[in-house]
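Enquirer: Everything below, folded, please.
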Amino acid sequence: MPPPAIERTNRMSAANMLRSLVPLVLICLALVGWMTFRQSGVDPVREVDPASTVQLAAARAGYPVVAPADLPDGYRPTSARTDAGEAEAGDPVTLEIGYLTPSAEYAGFVVSDDARADAVDAVLAGAQQQEGTVDLGGQAWTRGTTERGETVLSRTADGVTVLVTGSASDAELETVAGSVRPYSG
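Expert: Next comes the predicted model:
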């Protein structure tokens with residue numbers, strides 16, 4: 001009878017190693033398949049309700065806040081932020097809302113009484129205005145192109161700038177701009 005060390009060495013063959021690994025590989029593949037199946041029907045987009053953010057901005061702003069309202073189905077708000085939480089009476093207030101459009105593109109809305117606000121400057125710095133305006137929702141909007149090559153629709157009245165921009169088509173951006181209404185709470 002051979003010594004135990006030689007017997008143990010004889011059992012360490014490639015065939016035995018392969019027989020040991022096959023069950024582990026099958027278990028890993030089953031886990032990956034199960035995780036993929038569980039996530040296949042999940043929508044990765046997280047919608048938000050911008051109502052409280054708009055309400056806060058309207059409560060603190062020294063101007064009548066406007067925001068998109070009654071957008072058609074397929075426009076999903078994915079972000080909403082304002083700097084109104086830190087604002088005191090008379091401070092500038094900026095409101096931003098981001099949307100996923102029906103064509104799965106981005107449309108962003110910004111309203112601010114601070115022409116130098118980061119959200120306004122990020123869009124308008126280096127933007128080129130195109131000639132003419134477009135009438136949307138009873139308001140005249142100026143069409144331009146940002147440095148990123150995206151369309152921007154803008155209007156300024158009484159020191160308040162309103163912007164709609166993003167990677168969405170012109171028609172989708174116009175839909176968002178045309179839905180902008182004074183916030184009524």
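Enquirer: so what's Ala67 closest to, chain neighbours aside?
Expert: Among residues not flanking Ala67 along the chain, Val54 sits closest, at 4.9 Å (C-beta to C-beta, 6 or more residues apart in numbering). The way it works is simple: take the backbone N, C-alpha and C, and place the C-beta from them, glycine included.
Enquirer: burial measure for the one you found, as a count.
Expert: If you count neighbours by other C-beta atoms under 10 Å, Val54 ends up with 23.
Enquirer: residues contacting it?
Expert: Taking C-beta atoms under 8 Å, 6 or more residues apart in numbering, we find Val54 in contact with 65, 67, 80, 82, 95, 97, 183.
Enquirer: what do you get for Gly62?
Expert: Applying C-beta under 8 Å, 6+ apart to Gly62 gives the contacts 89-91, 93, 113.
Enquirer: mind checking how far it is from Pro68?
Expert: Using C-beta to C-beta, to the nearest Å, Gly62 is found at 21 Å from Pro68.
Enquirer: now swap in Asn16 and tell me
Expert: 67 Å.
Enquirer: What of Gly85?
Expert: Distance, Gly85 to Pro68, by C-beta to C-beta: 21 Å.
Enquirer: where's the residue nearest to Ala67, which helix or strand?
Expert: Assigned by DSSP states H and E, Val54 belongs to helix 51-60.
Enquirer: Tell me how far that helix lies from the chain's centre.
Expert: Computed by C-alpha atoms, centre = their mean, to the nearest Å, the chain-centroid distance of helix 51-60 equals 19 Å.
Enquirer: Let me see the mean pLDDT of the longest strand seen in the chain.
Expert: Looking across the chain with DSSP state E, the single longest strand is strand 128-136. Throughout strand 128-136, pLDDT has a mean value of 81.
Enquirer: In that strand, which residues are buried?
Expert: Leu136 (16 or more other C-beta atoms under 10 Å).
Enquirer: residues making contact with the helix or strand that it is followed by?
Expert: Following strand 128-136 in sequence order, the next helix or strand is strand 139-145 (DSSP H and E). By C-beta under 8 Å, 6+ apart, the surrounding residues in contact with strand 139-145 are 124, 127-130, 132-135, 151-155, 164, 177, 180.
Enquirer: Understood, closing this out.
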